[in-house]
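Q: Below is the sequence, then the predicted model.
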Amino acid sequence: MWNRIFALMIKEFHSIWRDPRSRALIFLPPLVQLCIFAFAATMEVKNIDMVIWDQDKTYYSRELSERFQNSVWFRKIYYVQDESHFLRLLESQKVMMGMNIQNNFSRNIKASKKAEVQLIFDGRQTNVSQILSGYATEIVNQYQKDVFLSGFNDLPRVDIRTRNWFNTSLMYLHYTVVSLVATLAMIAGTILTALSVAREREIGTFDQLIVSPLRPFEILIGKTIPPLVIATIIATFMLLMAVFAFGIPFSGSLWLFYLSTLVFLLSIVGIGLFVSSLCKTQQQAILGSFIFQMPAMLMSGYIAPIENMPVFFQYLTYANPIRFYLVIVKGLFFKNMPWNVVFENLAPMFVMALIMLYCAYWVFKRNLD
Amino acid sequence: MGLLLPSCGEVKTLGVNPCEQKDFINQNIGYMPQKFGLYEDLTVMENLDLYADLKGLSQDHKDKSFKTLLNFTGLGEFISRLAGDLSGGMKQKLGLACSLLGRPGFLVLDEPSVGVDPISRRELLRMVQDLCDEGMTILWSTAYLDEAEKFSSCVLLNEGKLLYQGAPQDLTSKLEGRTFFAYAKDGKNRALLKQIIKDGDGLTDAVIQADSVRVVLDRGIQKYENLDLQPTTPRFEDAVIDILGGCPKGESSLSHNLQIVDDASEYVIEADALVKRYGSFYAVKNNTFKVKKGEIFGLLGPNGAGKSTSFKMLCGLVTPTSGTARIMGLDIQKNLSKARSYLGYMAQKFSLFGGLSVMQNLKFFSGIYGLNIWEQRDKINQMVDIFDLKPYLGHNADELPLGFKQRLALSCALMHNPPILFLDEPTSGVDPLTRRDFWNHINTLVEKGVTVMVTTHFMDEAEYCDRISLFYRGEAIETGTPSELKNKVSKDCTMEEAFIALIEKYDRQKIQRMPA
């Protein structure tokens, strides 16, 4: 029996390797995506333009404006003298935010009363304005503290100091590159498996496999292992890139990393096999794997936090292996995640893998009809 | 046509250079490529409409030509059917109809009869004949010599060289007096054929035709090794083989290398009341037959008659709705893996892994049949010797010439010394010499006790069978030796005529049996 499975596996490797398209499918996406995600698709907010309408025109208001001017986040600051200019700049999307300083600003500070500034953000770009408001609040808070220290405005306050653990300097690149380990392994895993059965069905060799003494579960094993190995190699490549090219420290256990990668890929390959056992052509197989990949990515917690989703969708994410794998990979990279936490996230993936492989096997067997 | 530029030389189509005056050519030529680009998700009518618009026909003109074309092709009652649901023959007719839009003066048909059963093929030929009579010029390319025989003039090409140009009859008539039937005294035509081609002196061609061997002798030779020869009229195929330098001679090297299959059971393939139903449609109704050891059994029938489904049930690719299929006495549903290890399977398109090299294909197939590394090496070496695959070992299977692809497919199917060989349309689209070579190998296998089951709608292949089961509408309507089937129709009809006559007879009886 192992002879037969071995022959099938060797053949799978050969046919993936000798087909230039499959070969490109293995090497191109990791490199391209690495470049895109690492350098272009950043969610950091920089180079923002803003408008300031300073009606106070005193030392205090200028001091506040200057702090915006000097921060790294803002590129150009327009100073306007009237409301219509202020609104026009915001409306035409020339600026993402506006600050309106009332003319009683310095008077209130000196009188130790509540002084107000109005910050206006362009809600059309939800994400950016949220992040901007964070930056702006920080600048204003710092200003407030300094003013307080200089003797004015004796309102009691709590001093908040934020420290970001695990990714101390909030390097966005660290987050994306580490997540790429998971997403690229997933893409390669699904597509390679989905194609492998569909291709044979298209050229008619699948019948040839079926009439051979290979049993359905032997075909399943022979078809599972090669994509598993290749996707593991891709994950390893991404791991090495993350550590050596991007200088991201890997703080956890490599054994746990590979164990969870294997379990994760097993579930992914199971899904790929399931997709491909439903498809007749390679085209269908590729479309089929996209149908899985897009929602899986969106609901993995990589793009939107799972906690923000409606409850129903939160439950749905439990069926998504990449959700758990992302937790493990990030945990192993950034915080030396202990084995018991890894296993907590490993268990659901393992269940998924068993279910998907069984489904694939079942469809496989039924397909003989 | 102007689709391919010549490296040198000049082409003139309808008096103009097709590469320079594309518009003129497109307006005046009807072209039907090998696989006509029918849109399978559109209906017959929508396809016609689309091609008429592409040709730029006016509405008035369109209505008129649709009517005549639908009449002409007999597709009138299927206009709302999806093109994808048509049979192979009807697809070709629709393709023909589409290429006839705009009444071209010159019609180019590229292998229009591939994948078309004899009945549809005859209709296609008749339609083309009608067009000819109306004054249209038609170029029909084909690998089937019995088709070429029917045309008024032919151009014979081999390996890029022109071998003959002129009327097929002129070529055929040169062989007058050189064609014979030889009969074996003990009825063993395969042994006789083997003996005839073994030395091959003075022999041009020898093929099995039903219970005799058709022999073509070299010019000037009248007698052949104390054979009892009955003269017969020459065919175009005889003449072509003559031009090509005669059939492959000598013994198939398989004969020395293959173990003799030894098994007690008399019937190695048994179909017992096999039924396959898809919804309310019976693909196969109550099919029962037995195949003896060392027999070539043919499943013959038009497209969609259920022969492929029966075939697939017997090798376990399709689960029967009811009934049992037995291989070497084993119920295939119960002992799938074991039963399959007795089977060698060669599918229609050879089903090789095109992206893998010849060696990798051989290794793979020997591996999945459970040979260990040493057995694999021996067996592969043996196959490479027998089928002369040595120069191609590193080539991708896709790049092989057709004949070698076929050899490779056969050697892959024989890796595990199967006592039973399943061949699904093994030589469709293959040239006559390669076909002879292939059947020599098969004959040798059968001599050694291998049982062969073959599906075909190719009449030449049917002649090689010991027994044939004629399939039509899911039922086996006749079973018998090729000559028995022919004799049911008339004394000296061809296999194709017998095939068509038997099916028509069945249809007539069916109508009579139906209540008024």
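A: Here it is on my side, so go on. This one's a predicted model, so the numbers in the text were calculated from it and none came from an experiment. Residues are numbered from 1 along each chain as shown, chains lettered A, B, ... in the order given.
Q: Could the C-alpha coordinates of stretch A:320-336 be exported in PDB?
A: C-alpha atoms of stretch A:320-336 as PDB (Å, rounded to 0.1, in the frame of the first residue of the first chain):
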ATOM      1  CA  ASN A 320     -12.100  29.300  10.100                       C
ATOM      2  CA  PRO A 321      -8.700  27.600  10.700                       C
ATOM      3  CA  ILE A 322      -6.700  30.700   9.700                       C
ATOM      4  CA  ARG A 323      -8.300  32.600  12.600                       C
ATOM      5  CA  PHE A 324      -6.600  30.300  15.100                       C
ATOM      6  CA  TYR A 325      -3.400  29.900  13.200                       C
ATOM      7  CA  LEU A 326      -3.000  33.700  13.100                       C
ATOM      8  CA  VAL A 327      -3.300  33.800  16.900                       C
ATOM      9  CA  ILE A 328      -0.600  31.100  17.200                       C
ATOM     10  CA  VAL A 329       1.800  32.700  14.700                       C
ATOM     11  CA  LYS A 330       1.500  36.100  16.200                       C
ATOM     12  CA  GLY A 331       1.800  34.600  19.700                       C
ATOM     13  CA  LEU A 332       4.900  32.600  18.800                       C
ATOM     14  CA  PHE A 333       6.600  35.600  17.100                       C
ATOM     15  CA  PHE A 334       5.800  38.400  19.600                       C
ATOM     16  CA  LYS A 335       5.300  36.900  23.000                       C
ATOM     17  CA  ASN A 336       6.700  33.400  23.300                       C
END
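Q: distance between it and the chain's centre?
A: 11 Å (Cα atoms, centre = their mean, to the nearest Å).
Q: May I see the buried residues of it?
A: A:320-334 (16 or more other Cβ atoms under 10 Å in any protein chain shown). (C-beta placed from N, C-alpha, C; glycine too.)
Q: same check, this time on stretch B:289-300
A: B:289, B:291, B:293, B:294, B:295, B:296, B:297, B:298, B:299, B:300.
Q: For the nearest residue to the third one once chain neighbours are set aside, give me its contacts.
A: Computed as Cβ to Cβ, 6 or more residues apart in numbering or on different chains, the closest residue to residue B:293 that is not its neighbour in sequence is residue B:268, at 5.1 Å. Neighbouring residues of residue B:268 by Cβ atoms under 8 Å, 6 or more residues apart in numbering or on different chains: B:291, B:292, B:293, B:327, B:328, B:419, B:420, B:451.
Q: just checking, residue A:276 touches residue A:196?
A: Yes: counting by Cβ atoms under 8 Å, residue A:276 touches residue A:196, with 6.9 Å between them.
Q: Against chain A, how distant is residue B:242?
A: 36 Å (Cβ to the nearest Cβ, to the nearest Å).
Q: Now residue 192: closest residue in space that isn't a chain neighbour?
A: Unless you meant another one, I'm taking chain A. residue A:227 (4.1 Å).
Q: I was thinking of chain B, sorry if that wasn't clear
A: Once flanking residues are discounted, residue B:192 sits nearest to residue B:184: 4.0 Å by Cβ to Cβ, 6+ apart.
Q: before we move on, the earlier item: if we take the buried residues of stretch A:320-336, which one ends up nearest to residue A:6?
A: Closest approach between the buried residues of stretch A:320-336 and residue A:6, by Cβ to Cβ: residue A:321, at 27.6 Å.
Q: any idea how far residue A:325 is from the residue lying closest to the closest one once chain neighbours are set aside?
A: Nearest non-adjacent residue to residue A:321, counting by Cβ to Cβ, 6+ apart: residue A:267, 4.2 Å away. Separation of residue A:267 from residue A:325 (Cβ to Cβ, to the nearest Å) stands at 9 Å.
Q: do the same with residue B:385
A: Distance from residue B:385 to residue A:325, by Cβ to Cβ: 52 Å.
Q: returning to that earlier point: am I right that the residue nearest to residue B:293 is in a helix?
A: No: applying DSSP: H, G, I helix; E, B strand; the rest coil, one finds residue B:268 to be strand, outside a helix.
Q: per-residue confidence at the residue lying closest to residue A:288 once chain neighbours are set aside?
A: Sequence neighbours aside, residue A:275 is the residue nearest to residue A:288 in space, at 4.1 Å (criterion: Cβ to Cβ, 6+ apart). We have a pLDDT of 88 for residue A:275.
Q: Likewise for residue A:358?
A: 90.
Q: so which strand or helix has residue 192?
A: I'll assume chain A. Secondary-structure assignment from DSSP states H and E places residue A:192 in helix A:172-203.
Q: um, chain B though
A: helix B:189-199.
Q: Look at residue A:69 and give its secondary structure.
A: helix.
Q: For it, list the residues it contacts.
A: residue A:77.
Q: Point out the ones among the contacts of residue B:268 that are inside strands.
A: B:291, B:292, B:327, B:420, B:451 (DSSP state E).
Q: Now whatever residue of chain A ends up closest to chain B, what are its backbone angles?
A: When scored by Cβ to the nearest Cβ, chain A has residue A:7 as its residue closest to chain B, at 2.1 Å. With angles defined as degrees, to the nearest 10, residue A:7 sits at phi -60, psi -40.
Q: Can you get me the start-to-end distance on stretch A:301-316?
A: 12 Å (Cα to Cα, to the nearest Å).
Q: Buried residues in it, which are they?
A: A:301, A:302, A:306, A:309.
Q: Would you state the helices of the stretch 51-200 of chain B in chain order?
A: B:59-73, B:88-100, B:118-133, B:145-148, B:168-173, B:189-199 (DSSP state H, counting those that start in this stretch).
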